[in-house]
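>>> please find the sequence and the predicted model below.
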Amino acid sequence: MDEIQPVRQEGGKRPAWHELAVRFADPRECLASFLALEAAEVLAGEKPANLIGIANRSRPCGRNLYTLWKQWGASVLPESGLAVCELVDRGDSLLLLIYRSEALGGLLGRPSTSAVLGRAGYADLSDIDAVLGELAARITGESFPHEIGVFLGYPLKDVAAFMGLVTIPFVCQGPWKIFGDPRESLRLAEVFRSCRARMAERLGSCASALECLVGAEQHVAVAM
């Protein structure tokens with residue numbers, strides 16, 4: 001069989017939140033629009049979790065999302081059915097893991113997931129809070145935990161190869177580094193891209209970003 005040569009995937013333009021934020025003057029609506037777009041794949045049920053970074057500075061719309069999260073995050077996010085783990089708060093920035101408890105718990109319960117995370121040093125995957133606590137501790141450590149790709153729903157072959165746990169040739173640069181046969185990974189990347197594009201379209205026409213955040217999964221399910 002011929003060797004697969006590295007290629008680079010060129011996806012479409014990623015919808016930018018700042019282009020939508022001007023529609024939402026209310027601070028809770030502004031925050032909800034950001035969270036809905038950044039967690040679009042999770043809201044649609046296509047990913048167990050998303051990693052969201054928030055810088056402590058004013059955005060082009062004039063609002064500071066870090067401040068909005070501190071003020072309104074606890075009241076906005078629970079309405080969506082999503083859970084959150086503040087992985088690290090450095091003062092000048094915040095790193096959140098937004099997830100669905102059922103989806104992440106199901107992922108952590110798979111033998112294949114246990115095998116990869118076990119080799120990465122995670123002992124007990126039955127307690128989500130403990131696992132995320134370990135992940136948070138590693139993020140504040142000396143090196144970034146590349147196993148985070150498992151939590152984000154990336155294909156295990158790609159995560160394991162990137163971590164050096166298995167030897168598979170690198171073939172494609174998509175939203176993450178893809179190894180071996182790229183077809184399923186690229187299909188998944190397109191699903192993720194489509195989720196974000198659909199959410200951007202909704203936010204561009206909806207009356208309330210909170211409704212987009214809370215009703216996203218039902219809307220996607222009907223549209224599919």
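Looks like it came in fine.
>>> so what pLDDT did the residue nearest in space to the middle of the chain get?
The chain has residue 50 as the residue nearest its centroid, 1.5 Å off, counting by Cα atoms, centre = their mean. Listed pLDDT for residue 50 reads 97.
>>> next helix or strand past the host helix or strand of it?
Assessed by DSSP states H and E, residue 50 sits inside strand 49-55. As assigned by DSSP H and E, the chain's next helix or strand after strand 49-55 is helix 65-76.
>>> buried sites along the next helix or strand after that next one?
Once the chain leaves helix 65-76, the next helix or strand it forms, by DSSP H and E, is strand 83-89. Within strand 83-89, the residues that count as buried by 16 or more other Cβ atoms under 10 Å are 83-85, 87, 89. For every residue, glycine as well, the C-beta is placed using N, CA and C.
>>> distance of the residue nearest to the centre of the chain from residue 120?
To residue 120, residue 50 is 20 Å away according to Cβ to Cβ, to the nearest Å.
>>> correct me, but the residue nearest to the centre of the chain touches residue 37?
No - using Cβ atoms under 8 Å, residue 50 is not in contact with residue 37, being 10.3 Å away.
>>> how close does the closest residue to residue 163 other than its chain neighbours sit to residue 135?
Using Cβ to Cβ, 6 or more residues apart in numbering and skipping residues adjacent in sequence, the residue nearest residue 163 is residue 146, 5.1 Å away. From residue 146 across to residue 135, the span is 11 Å (Cβ to Cβ).
>>> and for residue 95?
Residue 95 is 11 Å from residue 135, by Cβ to Cβ.
>>> for this structure, which segments count as strands?
7-8, 49-55, 83-89, 93-99, 170-173, 177-179 (DSSP state E).
>>> out of the ones you listed, nearest to residue 24?
Closest approach to residue 24 among the strands of the chain is made by strand 49-55 (16.3 Å; Cβ to Cβ).
>>> re earlier: overlap in contacts, residue 95 and residue 135.
residue 87 (Cβ atoms under 8 Å, 6 or more residues apart in numbering).
>>> centre of the chain to the longest helix along the chain, how far?
The helix spanning the most residues in the chain, taking DSSP state H as the definition, is helix 183-203. Relative to its chain's centre, helix 183-203 lies at 12 Å (Cα atoms, centre = their mean, to the nearest Å).
>>> averaged pLDDT, it. What do you get?
Taken as a whole, helix 183-203 carries a mean pLDDT of 95.
>>> for it, buried residues please.
Under the neighbour-count criterion of 16+ other Cβ under 10 Å, helix 183-203 has 185-186, 188-189, 192-196, 198-200, 202-203 buried.
>>> residue 171 and residue 180 touch, don't they?
Yes - look at residue 171 against residue 180 with Cβ under 8 Å: they come within range, at 6.7 Å.
>>> what about residue 120, neighbour count?
18 (other Cβ atoms under 10 Å).
>>> contacts only, for it.
Residue 120 neighbours (Cβ under 8 Å, 6+ apart): 145, 147, 163, 165.
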